[in-house]
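Visitor: give me the fold of what follows.
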Amino acid sequence: MASGLQGNKTIAKTIKVLECFSFERQRLSLGELVQQTGLPRATLYRTVNPLLESGYLHLDPVDNRYSLGLKIFQLGHVAQAGFDLSGLLTRHLDHLAAQLPYTIIVGLLREDKLVYIDKRENYDGLKVGSQVGLVRPPWYGLLGQLLLAFPPEAESRHLLTTHPPEFWEGRVGVPLPEMLASLERVRTQGHAIAVDETAPGIAGVGFPIFDQRTDRAAAGLLVLVPTVQFTPEVKERCLALARECSQEISRRLGARSPRPAPPGATDVNP
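Guide: Residues are numbered from 1 along each chain as shown. Here you go, the predicted structure:
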């Protein structure tokens, strides 16, 4: 808990209760809240009741389990509006999804963490466990490695040093110089490709999205495909359409000139 909250115990307890909820723990009993927070049951009652009355928590009268309330849902949409690249994503991702029957994900780095901010999924095809709002380490998967390729190298080095990867390019124990070299290859060619790295059976391509800043990507765009379908023809189509989509979003965000892939650049399998 941040030191600034220690002087206000009521706020600290309230935050502790709200932070018990996650994608994995969406509905909790009072006993589970006691266990998660470490607060006495009487104290927890006094903390929970104002949250119920104001709509930040909901209590199911059937099984007496708590969940986040409508007020949190509303505030979540307000927060998402700050992550959705000025509302430009929806139309462009819908258009890309109509052309490619695969999973499309957009994410960005925020406060040294990787955050998934939008997603399109083909309900008859590949399912990827990357919900909108999910937070990952900055290096995680193809998206993390793509985004780490496009800030200044000193910043990438800092993130890789302070958040050491558990695996990199599907391997463990990869030296930092080799990680930085792979990021430089992605930066040079302007996109990333991965096959069976973060999860077996999943391949994909990724492109950076830029805004007015010239020293870093604002976000990253992925197209994920079942590996068995990732033929050379499918790969080239995904590269072409994802590049076009990322450049159009970048243009709408005020990027001076979306970066084309250098002539003769070779694919990287980061």
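Visitor: how about the helices in the stretch 1-150 of the chain?
Guide: Remark: helices assigned in the stretch 1-150 of the chain by DSSP state H, counting those that start in this stretch are 9-18, 30-37, 41-53, 70-81, 89-99, 141-148.
Visitor: could those go into a markdown table alongside mean neighbour count and distance to Asp112?
Guide: (C-beta placed from N, C-alpha, C; glycine too.) Putting the helices of the stretch 1-150 of the chain into a markdown table (neighbours: other Cβ atoms under 10 Å; distance: least, Cβ to Cβ, whole Å) gives the following:
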| stretch | mean neighbour count | distance to Asp112 |
| --- | --- | --- |
| helix 9-18 | 15 | 20 |
| helix 30-37 | 15 | 25 |
| helix 41-53 | 14 | 29 |
| helix 70-81 | 12 | 18 |
| helix 89-99 | 16 | 23 |
| helix 141-148 | 28 | 11 |
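Visitor: closest to Glu121 out of those helices?
Guide: In terms of Cβ to Cβ, the element of the helices of the stretch 1-150 of the chain nearest to Glu121 is helix 89-99, at 8.4 Å.
Visitor: hmm, back to that, and the helices of the stretch 1-150 of the chain, which one's lowest on average pLDDT?
Guide: Least confident of the helices of the stretch 1-150 of the chain, judged by mean pLDDT, is helix 70-81 with a mean of 73.
Visitor: columns distance to Ala203 on top of the helices of the stretch 1-150 of the chain, output as JSON lines?
Guide: Converted to JSON lines, the helices of the stretch 1-150 of the chain look like this (distance: least, Cβ to Cβ, whole Å):
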{"stretch": "helix 9-18", "distance to Ala203": "38"}
{"stretch": "helix 30-37", "distance to Ala203": "38"}
{"stretch": "helix 41-53", "distance to Ala203": "44"}
{"stretch": "helix 70-81", "distance to Ala203": "28"}
{"stretch": "helix 89-99", "distance to Ala203": "17"}
{"stretch": "helix 141-148", "distance to Ala203": "9"}
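Visitor: and Leu253, which of those is closest to it?
Guide: Distances from Leu253 to each of those were compared using Cβ to Cβ; the shortest belongs to helix 89-99, at 10.1 Å.
Visitor: what helices or strands is the closest one leaning on?
Guide: With contacts taken as 3 or more Cβ pairs under 8 Å, 6 or more residues apart in numbering; DSSP states H and E, helix 89-99 sits against strand 103-110, strand 113-120, helix 232-252.
Visitor: return the most buried member of those.
Guide: The highest mean neighbour count among these belongs to strand 103-110 (a mean of 23), with neighbours defined as mean count of other Cβ atoms under 10 Å.
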